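1. sequence first, then the predicted structure, then my questions.
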Amino acid sequence: MKILKKIEKEDRIIIISTLILGLINFFYLLTHHVLSPDGLAYGPIYKSNGWELDLGRPLLLLIDRLRGGLVSPPIIMFLSLILISISITIIRRIFNIKNNTTLLLLTAIVVLFPTLSESALFIYCFDSYSLALLCSVLGLFFIKEEKPIPAIISIICSLSLYQAYISVTLSGVFALYIIELLNNKNNWKKFINNIIIVFLGLLSYFLLLKTGMFILGRQMASYKGANSFGIDTILSLPNSILNAYKDYFSFFFQENIIFNKYFLRHILNILIYISFFITIFFQRKNISKINIIFLVVTIILYPITTNIMDLIACTTTINLVTGIGFVMFYILFLSLIEKHTKYKPITVGSLILIGFLSYTYLLSNNGTFMAREDTYNHYYKESISVLLKAQQLDNYSKDLPWMFSDIYRYQSQLIKTSN
C-alpha cells in the first residue's frame, strides 16, 4: 500500500502512455518474425553463458535463468515496458518535470528512442537491457539524492548487464549541472564528487569483474573492445575524445549511426539545437559571468559523456544499440523548455519539434522491423535453396560436417525508411 501511495498522477500518465506507445511501436515486432542480423533463428530457449560472461555482462546469466531461458516475446516485452516506465517515472523526479504535455513527450522520446527498438531485435535479452536502463537511471537518482553507496551499486548492476548504459548516468550528471548553472547556482565541488562516484562505480565493476574472471579462470573477450580497458585506454584518449565528438555530430546530423535524411531528422535536430541555445541565451542575464564560463565548458564537454564508451572501449565506436546516452540530450532539452523558456512561441515550437521527432522514430522503428523481416525471408529462402543443392551432391552425407563459402547480397527496399 505504501508503494501505491507513492504513485502520483504524473506516474500514472507515464505508465499508461508507456504501455500504449510501447504496444503501438512494437506491435509489428510481436506479430511478425523479426530478428537481429545475427542469424536465421534463436530458438525458443536461450540462456546466457560463457560468452556473455567474457563480455563482462554476468547479470545477463541471472536474468535469463529467472525466466528459465524461455524466449517469449510477449512476456519479455511486457516486463521491458514495465521497467522502462519505472525508469521514466524516476527521470521525471530527477529533472522535476511536471507539465502533462512535457511528460507525454518525455515518455514518447524514451519509449520510441531507436536504441531501445534496435535492442528489442535481440529479444532474448531485451528485458536485461531494459533493466540496465533502470539501474543507470537509479544510479543518477541516488547521486542526486547524495547516496553514494546505492549509486555505486546501481552503476555496477547497470554495467554488469550492458556497459553502454553508463552513458545515461554520466551524461545525466552533466545535464543536472547544466540546469544548476542556468539557475545561477554552482556547487562545483558536489559536481566533481558526483563524477568521482560514477568513476568509483566503474572502477568497482572492473575490479569485481576481473576478480570473478580470475577465480573462474576466464579472460575477457576482445569483441567490441571488452578487454581493452587499461593502459591502452589512457594512451588512446586523444583519438577517443575526437571519436566521441564525431559520433555525437553523426547521430544528430549525419547518416552513419542512424539514417536521418529520409525523415528530415537532421533538420529537426538543427531546429531543436537552435531552440536549445536560444533558451540559454535568454537566460544569460540571470547568470553570473563565472557561471556562464562553467556553463560553456560543461556544454562543450557534454558530448564526451554521451559517448563515454568511445573512451572506455577505445577499439570500438558508438552504434545505435550502444547509443542510449543520446536520449539524455532530449531529456535535458525538455527540462529546460519547461523551466527556462519565457516565450510561449519557443515553448510550443520546441514541444512540437520533439513530438515530430518522436513520430519519425515510430516510423523508422517499424521500417526497421519490416526491413528485417523482408531481409530474413530472402535469406531463409536462399539458405533452404543452398541446403537442397547440398543434399543433392553425390558425396553428401548427413553424418559428415560440411560448409559453403559464398556471399548472398540482398538489400530491402524498406531500408531507407529504417533506422
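-> Looks like it arrived, so ask away.
2. mind checking how far the longest helix anywhere in the chain is from the chain centre?
-> Counting by DSSP state H, the longest helix found in the chain is helix 344-391. In terms of Cα atoms, centre = their mean, to the nearest Å, the centre of helix 344-391 is set 17 Å apart from its chain centre.
3. likewise for stretch 329-347?
-> Per Cα atoms, centre = their mean, the centroid offset for stretch 329-347 relative to its chain is 23 Å.
4. which parts of that stretch are buried?
-> 329-341, 346-347 (16 or more other Cβ atoms under 10 Å). Yep, even glycine has a C-beta here, placed from its N, CA and C like the rest.
5. only alpha carbons, please: show that stretch as CSV.
-> C-alpha atoms of stretch 329-347 as CSV (Å, rounded to 0.1, in the frame of the first residue of the first chain):
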residue,chain,number,x,y,z
PHE,A,329,20.1,15.5,-24.5
TYR,A,330,16.4,15.4,-25.4
ILE,A,331,15.5,14.9,-21.7
LEU,A,332,17.7,17.9,-20.8
PHE,A,333,16.1,19.9,-23.6
LEU,A,334,12.5,19.1,-22.3
SER,A,335,13.6,20.1,-18.8
LEU,A,336,15.0,23.4,-20.0
ILE,A,337,11.9,24.2,-22.1
GLU,A,338,9.6,23.6,-19.2
LYS,A,339,11.5,25.7,-16.7
HIS,A,340,13.5,28.4,-18.5
THR,A,341,11.6,29.4,-21.7
LYS,A,342,9.8,32.7,-21.1
TYR,A,343,8.5,33.0,-24.7
LYS,A,344,5.5,30.8,-25.4
PRO,A,345,6.1,30.5,-29.2
ILE,A,346,9.5,29.0,-28.4
THR,A,347,8.0,26.6,-25.8
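6. got the contact list for it?
-> With Cβ atoms under 8 Å, 6 or more residues apart in numbering as the test, stretch 329-347 has contacts from 91, 95-99, 102, 105-106, 109-110, 171, 175, 178-179, 182, 272, 275-276, 278-280, 282-283, 302, 306, 350-351, 354, 357.
7. now the residue positioned nearest the centre of the chain. Its backbone dihedrals?
-> Most central in the chain under Cα atoms, centre = their mean is Ile324, positioned 2.1 Å from the mean C-alpha point. Per-residue torsions, Ile324: phi -60, psi -30 (degrees, to the nearest 10).
8. the residue lying closest to it once chain neighbours are set aside and Met309: what is the separation?
-> Leaving aside its sequence neighbours, Ile324 sits nearest to Thr115 (Cβ to Cβ, 6 or more residues apart in numbering; 4.6 Å). Thr115 is 12 Å from Met309, where distance means Cβ to Cβ, to the nearest Å.
9. hey, what's in contact with both of the two?
-> Counting by Cβ under 8 Å, 6+ apart, the residues touching both Thr115 and Met309 are Thr322.
10. if we can go back for a sec, show me the buried residues of stretch 329-347 that map onto helices.
-> 329-340, 346-347.
11. immediately after the helix or strand bottoming out on mean pLDDT in the chain, which helix or strand?
-> When each helix and strand of the chain is scored by mean pLDDT, DSSP states H and E, helix 2-6 comes last, with a mean of 63. Heading C-terminal from helix 2-6, the first helix or strand you meet, by DSSP states H and E, is helix 9-31.
12. for that next one, packing partners?
-> On a contact count with 3 or more Cβ pairs under 8 Å, 6 or more residues apart in numbering; DSSP states H and E, helix 9-31 meets helix 73-94, helix 100-111, helix 114-120, helix 344-391.
13. where does pLDDT dip in the stretch 101-250 of the chain?
-> Residues of the stretch 101-250 of the chain that meet the criterion pLDDT under 70 lie in 223-232.
14. helices of that one, start to end?
-> 114-120, 126-144, 148-161, 166-182, 188-216, 231-235, 237-253 (DSSP state H, counting those that start in this stretch).
15. how much does the fifth one deviate in direction from helix 148-161?
-> Which is helix 188-216. On the basis of axes from the mean of the first three to the mean of the last three Cα atoms, to 10 degrees, helix 188-216 is oriented at 50 degrees to helix 148-161.
16. do the last one as well
-> Following the same axes, to 10 degrees, one obtains 80 degrees for the angle between helix 237-253 and helix 148-161.
17. show me how far helix 237-253 is from its chain's centre.
-> On Cα atoms, centre = their mean, the centre of helix 237-253 falls 17 Å from the chain's centre.
18. could I get the buried residue list for that helix?
-> Here helix 237-253 shows 240-241, 243-244, 246-248, 250-252 as buried, counting by 16+ other Cβ under 10 Å.
19. re earlier: need the pLDDT of the residue nearest to the centre of the chain.
-> pLDDT, Ile324: 97.
20. from the buried residues of stretch 329-347, pick the one nearest Leu161.
-> Taking Cβ to Cβ as the measure, Ile331 is the one of the buried residues of stretch 329-347 closest to Leu161, at 20.6 Å.
21. Leu103 versus the closest one, what's the distance?
-> Going from Ile331 to Leu103 by Cβ to Cβ gives 12 Å.
22. with Met403 instead?
-> Note on Met403: its distance to Leu103, by Cβ to Cβ, is 54 Å.
23. same question for Val173.
-> Distance, Val173 to Leu103, using Cβ to Cβ: 22 Å.
24. what does Ile15 give?
-> The gap separating Ile15 from Leu103 is 11 Å, by Cβ to Cβ.
25. more neighbours: the two, which one.
-> Leu103 (22 against 19; other Cβ atoms under 10 Å).
26. thinking again about what came up before, among the helices of the stretch 101-250 of the chain, which is nearest Leu66?
-> That would be helix 126-144 among these, by Cβ to Cβ, at 9.2 Å.
27. still on that earlier bit, tilt between the longest helix of the chain and helix 100-111?
-> 20 degrees.
28. between helix 9-31 and helix 344-391, find me the angle.
-> Orientation check (the same axes, to 10 degrees): helix 344-391 against helix 9-31 gives 30 degrees.
29. coming back round to it: Phe78: which of the helices of the stretch 101-250 of the chain is closest?
-> Between Phe78 and those, the shortest separation by Cβ to Cβ is 9.1 Å, and it involves helix 126-144.
30. which other helices and strands contact the closest one?
-> Identification of packing neighbours for helix 126-144 by 3+ Cβ pairs under 8 Å, 6+ apart yields helix 59-66, helix 73-94, helix 114-120, helix 148-161, helix 166-182, helix 188-216.
31. what about that helix, distance to the chain center?
-> 11 Å.
32. CA atoms only: put it into PDB for me.
-> Extracted C-alpha coordinates of helix 126-144, given in PDB (Å, rounded to 0.1, in the frame of the first residue of the first chain):
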ATOM      1  CA  PHE A 126      15.700  -7.100 -24.100                       C
ATOM      2  CA  ASP A 127      14.400  -7.300 -20.600                       C
ATOM      3  CA  SER A 128      18.000  -7.300 -19.300                       C
ATOM      4  CA  TYR A 129      18.800  -4.200 -21.400                       C
ATOM      5  CA  SER A 130      15.700  -2.500 -20.000                       C
ATOM      6  CA  LEU A 131      16.800  -3.400 -16.500                       C
ATOM      7  CA  ALA A 132      20.200  -1.900 -17.400                       C
ATOM      8  CA  LEU A 133      18.400   1.400 -18.300                       C
ATOM      9  CA  LEU A 134      16.600   1.300 -14.900                       C
ATOM     10  CA  CYS A 135      19.800   0.700 -13.000                       C
ATOM     11  CA  SER A 136      21.600   3.500 -14.800                       C
ATOM     12  CA  VAL A 137      18.700   5.900 -14.000                       C
ATOM     13  CA  LEU A 138      18.700   4.700 -10.400                       C
ATOM     14  CA  GLY A 139      22.400   5.500 -10.200                       C
ATOM     15  CA  LEU A 140      21.700   9.100 -11.300                       C
ATOM     16  CA  PHE A 141      18.800   9.300  -8.900                       C
ATOM     17  CA  PHE A 142      20.900   8.200  -5.900                       C
ATOM     18  CA  ILE A 143      23.700  10.500  -7.000                       C
ATOM     19  CA  LYS A 144      21.300  13.500  -6.900                       C
END
